[in-house]
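# when you get a sec, could you give me coordinates for this:
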Amino acid sequence: MTTISAHTRLSGRRVLVPGGTGGVGEGVVRAFLDAGADVVVPTRSDARGAELRDALGALGHSPLLHLPTHDYTSFAGAEALGQEMTERMGGIDDVVAPVGGWWQGRTLTEITDADWSTAFTDLATTHMALARAIVPRLSGAGAYTVVVGQSAEYPVPGSGLVSMEQAAVLMMQRVLAAEEPDKRIHAMVLGPVRTRSAGTEDWVSSDDIGAVAVATSTAETFTSRTITLATPDDAKSLLASLVTPVAAAGR
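Below is the predicted model of the structure:
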């Protein structure tokens, strides 16, 4: 994997990673910590926070990692998170939001009220609540990045609610980018992701995703866009275009 920490130090940067306790989030948290940033990962349980610390190894015990217990899934909860982070950290520079989950089992004509709430409404509300609360608070130093799967662009029979919710989040990013031209609002569209517990070598890894998140947030000329990471080669190509000029300048 290509790393960027040797070229980019983010001491003093304040990074929020809602969803950071998941498999994708772990790679994002590791990359920002390795680059020297303060990373805030809100979690609804101390147990999930402890699992993340263990998974990160030595970085999990870094004073740069902050694991407040906080429910950010509602408009009120997300607003409270934004206010608390601003007060305690002095501001917010970057956000990467790998918030989501998988659902399958019924066609759209078979879904229940509970399915609709769990697989669409709850997740879409969380993303919208976070964007509403955090985007106005961004310092301008970094970027706001939502993370979705390729189901946002391709229909998945039997998992249609996931496709619909991810497509809604992808359009949310595009609208935010149009409404906030002075801020950098990205979307990462991921193929299958290799984590510690699952995946193969031809899947993009959570560490690749983390490296791309750091590289794109620190590249000030990298304006709002959709970033497709379907394979490891996609990550390698993008990192080469962003990291190589920095490395060359440092020689």
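# OK, contacts around D93?
D93 is in contact with R13, R14, V15, A37, L138, S139, A141, G142, counting by CB atoms under 8 Å, 6 or more residues apart in numbering. Heads up, the C-betas are built off the backbone N, CA and C, glycines and all.
# now the last one, nearest residue through space, not along the chain?
Spatial nearest neighbour of G142, excluding adjacent residues (CB to CB, 6 or more residues apart in numbering): D94 at 3.4 Å.
# likewise G140?
Nearest-residue entry for G140: K183, 6.7 Å, with adjacent residues in sequence omitted and distances by CB to CB, 6+ apart.
# again with Q104
What sits nearest to Q104 in space, not counting adjacent residues and going by CB to CB, 6+ apart, is S159, at 4.2 Å.
# for that neighbour, grab the count of nearby residues.
Neighbouring residues of S159 were enumerated by other CB atoms under 10 Å; the total is 17.
# check the one 3 residues further on too.
Counted with other CB under 10 Å, the burial measure for V162 works out to 22 neighbours.
# now it: which helix or strand?
Counting by DSSP states H and E, the element that carries V162 is helix 160-179.
# phi, psi of E180?
Backbone geometry at E180, expressed as degrees, to the nearest 10, gives phi -120, psi 70.
# ah, wrong one, I meant S197
S197 has phi and psi values of phi -100, psi -10 when expressed as degrees, to the nearest 10.
# test my guess that it contacts G23.
Yes: taking contacts as CB atoms under 8 Å, S197 lies within contact range of G23: 6.8 Å.
# more neighbours, these two?
The neighbour count for S197 versus G23, taken as other CB under 10 Å, is higher for G23 (18 against 7).
# OK, contacts around the nearest residue to the more buried one once chain neighbours are set aside?
In space, not counting the residues next to it along the chain, G23 is nearest to T195; the distance is 3.5 Å by CB to CB, 6+ apart. T195 makes contact with G23, V24, E26, G27, S205, S206, according to CB under 8 Å, 6+ apart.
# next step: those residues restricted to strands.
Using DSSP state E, the subset of the contacts of T195 located in strands is S205.
# just put the contacts of T195 in CSV and tack on pLDDT.
Compiled in CSV, the contacts of T195 are given as follows (pLDDT from 0 to 100):
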residue, pLDDT
G23, 91
V24, 94
E26, 96
G27, 96
S205, 96
S206, 95
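# between the contacts of T195, which sits nearest T218?
Closest approach between the contacts of T195 and T218, by CB to CB: G27, at 16.5 Å.
# how many other residues sit next to the closest residue to the closest one other than its chain neighbours?
The shortest distance from G27 to any residue other than its chain neighbours is 2.8 Å, reached at S206 (CB to CB, 6+ apart). Burial of S206, expressed as a neighbour count using other CB under 10 Å, amounts to 25.
# can you give me the helices in the protein?
According to DSSP state H, the chain carries its helices in the segments 23-34, 46-56, 75-89, 113-115, 122-134, 160-179, 206-218, 232-250.
# G105 - how many residues pack around it?
11.
# A31 and A213 touch, don't they?
Yes: counting by CB under 8 Å, A31 sits close enough to A213 to count as a contact (6.3 Å).
# about what we covered before: please name the bridge partners of the residue nearest to G142.
Beta bridges link D94 to V15 when assigned by DSSP bridges.
# need the contact list for the nearest residue in space to T216 that is not next to it in sequence.
Excluding the flanking residues, the one nearest T216 by CB to CB, 6+ apart is F222, at 5.2 Å. With contact set as CB under 8 Å, 6+ apart, F222 has these partners: A143, R184, T216, L242.
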